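Q: next comes the sequence, and after it the predicted model I'd like to discuss.
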Amino acid sequence: MRTLIGVAALGVLASAGILHAQTAGAAKVNTQWKCTAPNPAHALPVGDTADHAYVVQQVKCTATKGEIAGVMDKEGTATEFAEANGDKGTGHGVFISTLANGDKITYSYTFTGVSSKKVLQSGSNKWTMTGGTGRFKGITGSGTCSAKGAGDGSAVFDCMGTYTVAK
């Protein structure tokens, strides 16, 4: 079952990582997030085949680089649902990013991933910004992340995309 949980951890940032450079119109996203191993993580076997399970979990992340409209990314929490089949998984989730000024941005994402020996190895996701608070109220955007897992169950997400902030 731990293998299944490792695959599900991919989604995380899935959703979300972001270093943002202002351009005319839309701004670019280029961020990196370091995320812990999922905790809590709850896997329920489906029962139809070995290693088929549904997983609900939460992951905490810290931005290692990135900003949005001049405000540094700080931390985030991903809550996700995954379907794991052996060492492969797919799923969806919501990532809430808190910026250095306290404003928040919400992301929705879908993901796929591969695990080995109960730990996420690699994966990718597609994300969309669905809202924000403070100066980021009305933000929209989309992009992708790629993930690389570490032996301790953590993962690093490199994310790219674009966004606009409604005036």
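A: Looks like it arrived, so ask away. Numbers count the residues shown, from 1 in each chain.
Q: ok, then the element right after the helix or strand where residue 94 lies?
A: Element membership for residue 94 (DSSP states H and E) is strand 88-99. Under the assignment DSSP H and E, the closest C-terminal helix or strand after strand 88-99 is strand 104-116.
Q: quick one: strands adjacent to that following strand?
A: strand 88-99 (antiparallel), strand 119-132 (antiparallel) (DSSP bridges).
Q: which residue ranges of this protein form helices?
A: 2-8 (DSSP state H).
Q: list the buried residues in stretch 158-165.
A: 158, 159, 161, 162, 163, 165 (16 or more other CB atoms under 10 Å). All C-beta spots, glycine's among them, are computed from the backbone N, C-alpha and C.
Q: where does pLDDT dip in the protein?
A: 1-25 (pLDDT under 70).
Q: okay, which residue of it is out on the far edge from center?
A: Centroid-distance maximum for the chain: residue 48 at 28.8 Å, with CA atoms, centre = their mean.
Q: can you redo the strands paired with strand 104-116 as a markdown table with distance to residue 54 and mean neighbour count?
A: As requested, those are arranged in a markdown table below (distance: least, CB to CB, whole Å; neighbours: other CB atoms under 10 Å):
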| stretch | distance to residue 54 | mean neighbour count |
| --- | --- | --- |
| strand 88-99 | 9 | 22 |
| strand 119-132 | 17 | 21 |
